[in-house]
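Student: For reference, the sequence and a predicted model appear below.
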Amino acid sequence: MIDSLTGPILKTMVFHRWSQMQNVILKYLCGETDRVTVNFGKTGDHFFDCIHEITSLALPRMTQSAYRVETIARLAQWRIDDLPSCTYRKSDAFKIGYWNWHLTVEKNRVLYVKLYPEFSNLTKENPPIASFIIQVVCSDGDRKSSTHPEITDKQLKNNDDFIWPIEAPLTGKYIINVEFLDLKTASSKGGEPCSIWTEGFTQNQTNAVVLACLDRMLTQGIHTDIVINASNGSIGAHRAVLSARSPVFHSMFSHNLQEKELSTINISDMSIEACQAFLCFIYGNDKHEEFLPHRLALLRAADKYDISDLKEACHESLLEDIDTKNILERLQTAVLYKLPKLKSSCLQYLVKFGKIYDIRDDFKAFMQFAERELIVDIFNEVLNTWNGFQDSTNGKQQS
């Protein structure tokens with residue numbers, strides 16, 4: 001715990017960092033500089049120092065319970081303010097997938113970290129088969145981290161199924177990150193384990209027989225009356241189905257436009273594979289294995305042809321697997337297509353969960369070309385975190 005002397009000192013340090021960044025942002029917003037990234041080498045260091053001090057010092061005091069694990073998408077994060085020697089702690093339960101999970105830490109000469117599902121009938125009958133990456137970050141002046149090699153398809157049933165001994169000396173405040181890459185359950189038919197996120201893909205609730213007939217109409221080309229030309233191929237479709245699903249297609253076929261006269265639609269910015277997935281969704285036979293790799297192309301098509309349920313399906317799916325490899329692309333996508341939940345999740349992932357450190361260089365480059373509105377949103381997220389820290393600190397001082 002921060003004592004009465006060090007608390008104000010740390011608060012002053014963070015305030016000084018934040019004041020430096022505010023001055024830069026205000027100049028940018030007032031038009032005194034063309035871009036926030038002027039002299040970004042030095043400014044960027046201030047920014048990351050500010051983020052580090054806010055996230056490492058402030059957020060643990062914002063947490064109502066020292067045992068609560070925060071989750072976003074497939075990432076779980078447990079922040080521990082202090083972990084003296086000869087200490088054992090068990091986190092509150094947190095939910096990822098179908099299961100409630102716990103983390104435990106035990107510190108003696110070696111730090112032991114455990115991850116396991118909460119005991120229940122579900123865990124007993126269908127224990128998760130997990131793939132994940134786990135990382136421990138500590139900050140005691142300097143930020144140090146230790147990452148366990150990726151765990152792949154490991155069944156976790158008991159609290160001793162995954163134990164990670166860390167012999168390197170780690171002191172100060174701890175952050176334990178667990179990023180779930182996949183969760184599977186054993187097949188009831190005795191085959192290969194199945195991913196819950198594949199099986200959990202939302203299917204259209206229309207009658208299965210009707211869907212099967214529509215699928216045959218598409219795949220077998222039964223009485224097609226329109227041809228869609230993609231960038232690398234063509235596929236037949238039905239005007240009635242397209243018109244019923246999209247007001248844009250309906251307008252095309254209701255007026256004397258080129259598409260109506262020539263019985264063709266040119267979608268040159270979409271591959272034939274993405275177009276196939278697009279039509280499968282329109283015809284109610286959306287398949288996860290076709291949907292997943294083409295989400296961005298499908299989102300673009302959903303926006304272009306005003307297909308709201310496809311846009312929402314893409315939005316929800318993009319929320320599920322945010323990681324450091326795609327976070328900046330997802331953030332740009334959220335802004336471009338006005339996806340508020342995705343935008344909020346990306347900003348929290350970067351700032352609140354401190355993942356901005358893992359992509360420090362990429363983030364610096366990203367800031368050089370980001371739009372003004374997005375830059376303001378990023379710094380508002382930092383400001384909100386800082387304000388939460390101030391409110392928490394002031395409340396503790398008054399009490």
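Tutor: Here it is on my side, so go on.

Student: Need the residue closest to the centroid of the chain.
Tutor: Centroid check for the chain by C-alpha atoms, centre = their mean gives Ile322 as the closest residue, at 2.6 Å.

Student: contacting residues for that residue?
Tutor: Shown in contact with Ile322 (C-beta atoms under 8 Å, 6 or more residues apart in numbering): Ile72, Ala73, Arg74, Leu75, Arg330, Ser345, Cys346, Tyr349. Quick note: C-beta positions are derived from backbone N, CA and C, even for glycine.

Student: if I've got this straight, it is in a helix?
Tutor: No: assessed with DSSP: H, G, I helix; E, B strand; the rest coil, Ile322 is coil; it does not lie in a helix.

Student: What sits closest to it if chain neighbours are left out?
Tutor: Among residues not flanking Ile322 along the chain, Ala73 sits closest, at 4.5 Å (C-beta to C-beta, 6 or more residues apart in numbering).

Student: who touches that neighbour in this structure?
Tutor: Applying C-beta under 8 Å, 6+ apart, the residues near Ala73 are Leu319, Glu320, Asp321, Ile322, Ser345, Tyr349.

Student: Could you pull up phi and psi at it?
Tutor: phi 50, psi -120 (degrees, to the nearest 10).

Student: List the buried residues of stretch 101-114.
Tutor: In terms of neighbour count (16 or more other C-beta atoms under 10 Å), stretch 101-114 has its buried residues at Trp101, His102, Leu103, Thr104, Val105, Glu106, Lys107, Leu111, Val113, Lys114.

Student: Name the nearest of these relative to Met252.
Tutor: Closest approach to Met252 among the buried residues of stretch 101-114 (C-beta to C-beta): Trp101, at 49.6 Å.

Student: roughly how far out does the strand or helix carrying the closest one sit from the chain middle?
Tutor: Per DSSP states H and E: Trp101 is located in strand 99-107. Here strand 99-107 shows a centroid-to-chain-centroid distance of 22 Å under the convention C-alpha atoms, centre = their mean, to the nearest Å.

Student: Residues touching it, excluding its own?
Tutor: Residues contacting strand 99-107 (C-beta under 8 Å, 6+ apart): 69, 76, 78, 80, 83-95, 111-118, 120, 122-123, 128, 159, 174, 176, 178, 183.

Student: Restricted to helices, list the residues you listed.
Tutor: Those of those mapping onto helices are Leu122, Thr123, per DSSP state H.

Student: among the contacts of strand 99-107, which ones are buried?
Tutor: 69, 76, 78, 80, 83, 91, 94, 111, 113-117, 123, 128, 159, 174, 176, 178, 183.

Student: and stretch 329-343, how far apart are its ends?
Tutor: End-to-end distance for stretch 329-343: 11 Å, by C-alpha to C-alpha, to the nearest Å.

Student: How about stretch 103-112?
Tutor: Counting by C-alpha to C-alpha, you get 10 Å between the two ends of stretch 103-112.

Student: And that stretch, how far out from the chain middle?
Tutor: 29 Å.

Student: any idea how far the residue lying closest to Ser91 once chain neighbours are set aside lies from Val376?
Tutor: Nearest non-adjacent residue to Ser91, counting by C-beta to C-beta, 6+ apart: Leu103, 4.4 Å away. Computed as C-beta to C-beta, to the nearest Å, the Leu103 to Val376 distance reads 35 Å.

Student: Low-confidence stretches in this protein?
Tutor: Across the chain, residues meeting the criterion (pLDDT under 70) sit at 1-64, 189, 198-208, 387-399.

Student: Report the residue ranges of every domain in it.
Tutor: Using automatic domain parsing, the domain parsing of the chain gives 6-62+323-398, 74-197, 208-320.

Student: And the second one, end to end?
Tutor: Pointing back at domain 74-197 there. End-to-end distance for domain 74-197: 11 Å, by C-alpha to C-alpha.

Student: ok, back up a step: ok, which pair from the contacts of Ala73 is furthest apart?
Tutor: In the contacts of Ala73, two members sit farther apart than any others by C-beta to C-beta. They are Glu320 and Tyr349, at 12.4 Å.

Student: what about those two, which has more around it?
Tutor: Taking other C-beta atoms under 10 Å, Glu320 and Tyr349 do not tie; Tyr349 has more neighbours (22 against 12).

Student: wait, doesn't the more buried one sit right on Leu75?
Tutor: Yes: shown here, Tyr349 and Leu75 form a contact pair, counting by C-beta atoms under 8 Å, at 7.1 Å.

Student: Give the residues shared as contacts by those two.
Tutor: The contact sets of Tyr349 and Leu75 overlap at Ile322, Lys355 (C-beta under 8 Å, 6+ apart).

Student: Report the contact partners of Ile222.
Tutor: Ile222 sits in contact with Arg216, where contact means C-beta under 8 Å, 6+ apart.
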